[in-house]
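Participant: sequence plus the predicted model coming up.
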Amino acid sequence: MNVMRGAAAYGRGAGAYARVGVESGVMSASPHQLIVMLFDGAQASIRAARIHMQAGSVAEKGKAISRALDIVNNGLLAALDAERGGEIAERLASLYDYIARLLLAANLHDDEASLTQAEKLLDDVASAWREIGGSPAQER
């Protein structure tokens, strides 16, 4: 029984340590780095969803897709500045909406192809976002 309590305590401690690491990273990140973190989180959730889909773990697949949807809708989409971003922000909003629909279809129909397409689209935007990381215009 003591071993189980020790393992559980270790797990809680490791989880707390990881949360502090993530929170510290978020607190010290630039706005650009925060968006990169959102892309990374969405892509990690999609990869997890694929693994759960292939394993037949319906509940875990749903949780992973929900996390990805939350990041796309409440992170990436919400971060767009329509006033300053103009047409680019509009197009990204449409793309994020399409990605969200792909994720919903993947969840509803166990459609790995939709997951793959959503992941590819996010990867394309994330790659472009990373490339502009050092540009002076991004710092404004």
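Facilitator: Great, that's in hand.

Participant: which residues in the protein form helices?
Facilitator: 2-28, 31-55, 58-71, 78-79, 82-109, 112-131 (DSSP state H).

Participant: next up, the contacts around Arg50.
Facilitator: 112, 115-116 (CB atoms under 8 Å, 6 or more residues apart in numbering). (C-beta placed from N, C-alpha, C; glycine too.)

Participant: now the residues you listed as JSON lines including neighbour count?
Facilitator: Below are the contacts of Arg50 laid out as JSON lines (neighbours: other CB atoms under 10 Å):
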{"residue": "Glu112", "neighbour count": "13"}
{"residue": "Leu115", "neighbour count": "24"}
{"residue": "Thr116", "neighbour count": "14"}
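
Participant: let's have those in JSON lines, adding pLDDT.
Facilitator: Output for those, formatted as JSON lines (pLDDT from 0 to 100):
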{"residue": "Glu112", "pLDDT": "96"}
{"residue": "Leu115", "pLDDT": "96"}
{"residue": "Thr116", "pLDDT": "97"}
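
Participant: how near is the residue most central in space within the chain to Gly56?
Facilitator: By CA atoms, centre = their mean, the chain has its centre lying nearest to Ala42, at 1.7 Å. Ala42 sits 23 Å away from Gly56, taking CB to CB, to the nearest Å as the criterion.

Participant: what does Val72 give?
Facilitator: Applying CB to CB to Val72 and Gly56 gives a distance of 25 Å.

Participant: rewinding a little: check what pLDDT the residue nearest to the centre of the chain gets.
Facilitator: With respect to pLDDT, Ala42 scores 97.
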